[in-house]
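Asker: coordinates only, sequence not included:
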């Protein structure tokens with residue numbers, strides 16, 4: 001039974017959160033280490049990126065791994081998905 005499906009914006013729209021060093025580290029853009037793998041998905045309805053990052057910081061996985069925060073794409077135009085916070089950009 002399908003419970004939900006969402007299209008994510010490209011990795012370039014992501015922000016990563018980790019607490020591996022003991023303090024919270026936030027990095028814009030995708031996490032570069034390719035050995036990391038998707039272990040699960042949380043879909044949160046929050047007001048903005050700051051609220052999403054606050055939730056990511058509380059995620060237990062941030063203590064030993066990296067939590068990637070990425071907006072959900074809500075519309076597509078010309079093969080490019082977009083959201084209100086990250087409008088579609090035309091391709092050349």
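Answerer: Okay, I see it. Keep in mind it's a predicted model, so treat the numbers as computed, not measured. Residues are numbered from 1 along each chain as shown.
Asker: Could I get the full set of helices for this protein?
Answerer: Taking DSSP state H to define them, one finds helices in the chain at 49-58.
Asker: where in it is pLDDT low?
Answerer: For the chain, applying pLDDT under 70 flags the ranges 2-4, 30-39, 75-77, 79-92.
Asker: Give me the buried positions along stretch 56-66.
Answerer: Across stretch 56-66, burial judged by 16 or more other C-beta atoms under 10 Å covers 56-57, 62, 65-66. For the C-beta atoms, the positions are set from N, CA and C on the backbone; glycine is no exception.
Asker: any chance of those in TSV, with distance to residue 50 too?
Answerer: Putting these into TSV (distance: C-beta to C-beta, whole Å) gives the following:
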residue	distance to residue 50
56	11
57	11
62	16
65	21
66	18
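Asker: Quick check: the farthest pair among those residues?
Answerer: Using C-beta to C-beta, those span at most 13.0 Å, a distance reached by 57 and 65.
Asker: about what we covered before: nearest to residue 72, of the buried residues of stretch 56-66?
Answerer: Distance to residue 72 across the buried residues of stretch 56-66 (C-beta to C-beta) is lowest for residue 56, with 14.7 Å.
Asker: burial count for the residue lying closest to residue 27 once chain neighbours are set aside?
Answerer: Spatially, and ignoring its direct neighbours in sequence, residue 27 is nearest to residue 16 (4.8 Å; C-beta to C-beta, 6 or more residues apart in numbering). If you count neighbours by other C-beta atoms under 10 Å, residue 16 ends up with 22.
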